[in-house]
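Student: A predicted structure for the sequence below; I have some questions about it.
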Amino acid sequence: MRYCKNCGGALKTGSKFCPDCGMSLDTQAKFPAAAGRVQRWTWVIAVCMILLLTAGGFTYYHFFIKDSEQAEVAGGQEENPDLEEDIVEEENTGDDEPVEEESDDESSPEDDPFLLVVPTNYATIQEAIDAAAAGSVIEVLPGTYYENIDFKGKEVILRSTDPHDSYIVSSTIIHGGNKGSTVTFQSGEQNSSSLLGFTITGGSGTYGEYSFIRKGEKYEFQRYYGGGILVRDGSSPTIERNVIQGNTVKADSKKILGVGAGIAIINHSSPIVSNNIIKNNSVEGYGGGIIVWYGSSPTIMDNVIDSNSASKSGGGTAVIIDSTPVISHNDITNNTSDEAGGGMYLAFDSRAAVRQNNISDNRAKYGGGAYIMELSLDNFIGNIISRNRSQRQGGGILIAKEVVLYLEDNTINDNHAGATGGGIWIEKGSRFNNPIPDTNSYFNNTPDNTAYR
């Protein structure tokens, strides 16, 4: 049997043409025997290659290109610390200027020349004051410091670590050692010089001589001034949130008296004294708690002035010689005087504004709550004057000679006098004015509400 060289089909015997493809047998003699099969397999291979390339391209895209794109998208959503740090740096720094990294560490005192810490930087408070520049803050750690300090005119803030914390205040003590005034302002300090948040104790006062002319007559005084704090000669500091206690100013062997056991404010000085506790101070003289002396005009407000004593006058406070203080919103309680003015003593041309104070439970020989004398033009407005006691006249208030007192909106109750004038006693030649109708309240005073000499 023969076969066609072109299509491979069977040839009939004697035929000159292939019955399947019709190719002449003479033509087929010119080609190799497998020519038809080779051509057919070439097409098959070509088709297979096309399919293979197509499948390969799809696989490559699916497994490499597409997966890579998804990975990049996912990678952009995840945090990249290095990349994020670079971006933050670019946003914060701008084009040219670098930004210093912030540190969690607090600045040390060495880094701040205006913060001086005692005893970390200076062993004593006075050393820190001497070294301080204007505007400095001197912070004192809890402890007891046996010193008699002088601000020396420095515009500085001297404070405990927390003046609002009563425990810190009671634990940060400046003790004068009974060697003079514990704290002194005498060089013209102003309100920017501040004493904040200490216990001030152990003061015995500073000797001084002053003179003044009144009604054409010259008066000279030799006194020991200011046991706890002395403010004098035109000084006007800020004194706030301190406990001023246990200071004693005694008369010496020459009978030179003491003035202002807790605080003495003298000779044209005008400090701000607020939110202090002034207690358990005593003086052989005038002003157990505070004295305001000779032309001074302080603001005394929101203090507790309690359990102080004076051998002469002004157990709680004394205002003497042409002084014009504002005394407001204080608790003036439980103070005693051997002579006049258990709570307050106002005398010699004083012009005090006494407003909205609690003046209670004070005791004296004359004027248990307050004693006022000699050309004093004082205003008492909105005070509670109660439960005060006098051995003689004026359980609540005694108005002595040459006084004009204005009274408005006061409550004067439950005071007692051993003689007369349980509420108010008024000496001949003096007077008190009040609104019409009278806005003061008088009740339960014994033996009477008011009495006149």
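Tutor: Arrived safely, thanks for sending. Numbering: from 1, shown residues only.

Student: from here on, just use CA atoms for contacts and neighbour counts.
Tutor: Will do.

Student: I'd guessed residue 360 sits against residue 395; true?
Tutor: No - the criterion here is CA atoms under 8 Å, and residue 360 misses it with residue 395 at 10.7 Å.

Student: what touches both of those two?
Tutor: 369, 388 (CA atoms under 8 Å, 6 or more residues apart in numbering).

Student: okay, the two: which has more neighbours?
Tutor: Ranked by neighbour count (other CA atoms under 10 Å), residue 360 and residue 395 place residue 395 first, with 45 against 27.

Student: stretch 422-440: how far from the chain's middle?
Tutor: Centroid displacement of stretch 422-440 relative to its chain, using CA atoms, centre = their mean, to the nearest Å, is 43 Å.

Student: contacts for that stretch, please.
Tutor: 393-417, 442, 445-453.

Student: recalculate using a threshold of 6 Å.
Tutor: 394-411, 415-416, 445-453 (CA atoms under 6 Å, 6 or more residues apart in numbering).

Student: could you do stretch 246-261 as well?
Tutor: Against stretch 246-261 from outside (CA under 6 Å, 6+ apart): 201-205, 223-228, 280-291.

Student: what do you get if the cut-off is 8 Å, keeping everything else the same?
Tutor: Applying CA under 8 Å, 6+ apart, the set of residues contacting stretch 246-261 is 201-205, 222-228, 262, 279-291.

Student: distance from it to the middle of the chain?
Tutor: 35 Å.

Student: follow-up on the earlier one: inside strands: which ones of the contacts of stretch 246-261?
Tutor: Per DSSP state E, strands hold the following members of the contacts of stretch 246-261: 201, 222, 223, 224, 225, 279, 282, 283, 285, 286, 290, 291.

Student: using pLDDT, spot the least trustworthy of the residues you listed.
Tutor: Minimum pLDDT for these is recorded at residue 222 (92).

Student: which residue packs closest to that one, ignoring adjacent ones?
Tutor: What sits nearest to residue 222 in space, not counting adjacent residues and going by CA to CA, 6 or more residues apart in numbering, is residue 209, at 4.6 Å.

Student: secondary structure element holding the one you found?
Tutor: Taking DSSP states H and E as the definition, one finds residue 209 inside strand 206-214.

Student: packing partners of that strand?
Tutor: strand 217-225 (3 or more CA pairs under 8 Å, 6 or more residues apart in numbering; DSSP states H and E).

Student: which neighbouring elements make contact with the strand it packs on?
Tutor: strand 206-214, strand 258-259.

Student: tell me the angle of that strand relative to strand 206-214?
Tutor: Using axes from the mean of the first three to the mean of the last three CA atoms, to 10 degrees, the direction of strand 217-225 lies 160 degrees away from that of strand 206-214.

Student: now strand 217-225 - C-alpha only, CSV.
Tutor: C-alpha atoms of strand 217-225 as CSV (Å, rounded to 0.1, in the frame of the first residue of the first chain):
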residue,chain,number,x,y,z
GLU,A,217,4.9,119.8,119.9
LYS,A,218,7.8,117.5,119.1
TYR,A,219,7.5,113.9,120.2
GLU,A,220,10.4,111.4,120.3
PHE,A,221,10.0,107.7,120.6
GLN,A,222,12.5,105.0,121.4
ARG,A,223,11.0,101.5,120.8
TYR,A,224,11.6,97.9,119.8
TYR,A,225,9.7,97.4,116.6
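
Student: adjacent strands (with direction) for it?
Tutor: Next to strand 217-225 in the sheet, as set by DSSP bridges, lie strand 206-214 (antiparallel), strand 258-259 (parallel).

Student: now render these as JSON lines, adding mean neighbour count, distance to residue 150 and mean pLDDT.
Tutor: Output for the strands paired with strand 217-225, formatted as JSON lines (neighbours: other CA atoms under 10 Å; distance: least, CA to CA, whole Å; pLDDT from 0 to 100):
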{"stretch": "strand 206-214", "mean neighbour count": "13", "distance to residue 150": "12", "mean pLDDT": "87"}
{"stretch": "strand 258-259", "mean neighbour count": "34", "distance to residue 150": "19", "mean pLDDT": "96"}
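
Student: so which of those strands comes closest to residue 272?
Tutor: strand 258-259 (19.1 Å; CA to CA).

Student: any idea which helix or strand comes after that closest one?
Tutor: That would be, after strand 258-259 and using DSSP H and E, strand 263-266.

Student: what packs against that next one?
Tutor: On a contact count with 3+ CA pairs under 8 Å, 6+ apart, strand 263-266 meets strand 229-232, strand 290-293.

Student: what strands line up against it, and which way round?
Tutor: By DSSP bridges, strand 263-266 pairs with strand 229-232 (parallel), strand 290-293 (parallel).

Student: and the ones you listed as a markdown table, adding distance to residue 322 and mean neighbour count?
Tutor: Converted to a markdown table, those look like this (distance: least, CA to CA, whole Å; neighbours: other CA atoms under 10 Å):
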| stretch | distance to residue 322 | mean neighbour count |
| --- | --- | --- |
| strand 229-232 | 15 | 28 |
| strand 290-293 | 8 | 28 |
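
Student: shaky segments in this protein?
Tutor: Applying pLDDT under 70 to the chain picks out residues 1-17, 19-49, 52-111, 453.

Student: which residues in it form helices?
Tutor: Listed in chain order, the helices of the chain (DSSP state H) span 25-28, 35-60, 66-77, 81-93, 125-131, 166-171.

Student: and the nearest residue to residue 420 once chain neighbours are set aside, how many neighbours?
Tutor: Excluding the flanking residues, the one nearest residue 420 by CA to CA, 6+ apart is residue 393, at 5.2 Å. For residue 393, the count of nearby residues is 28 (other CA under 10 Å).
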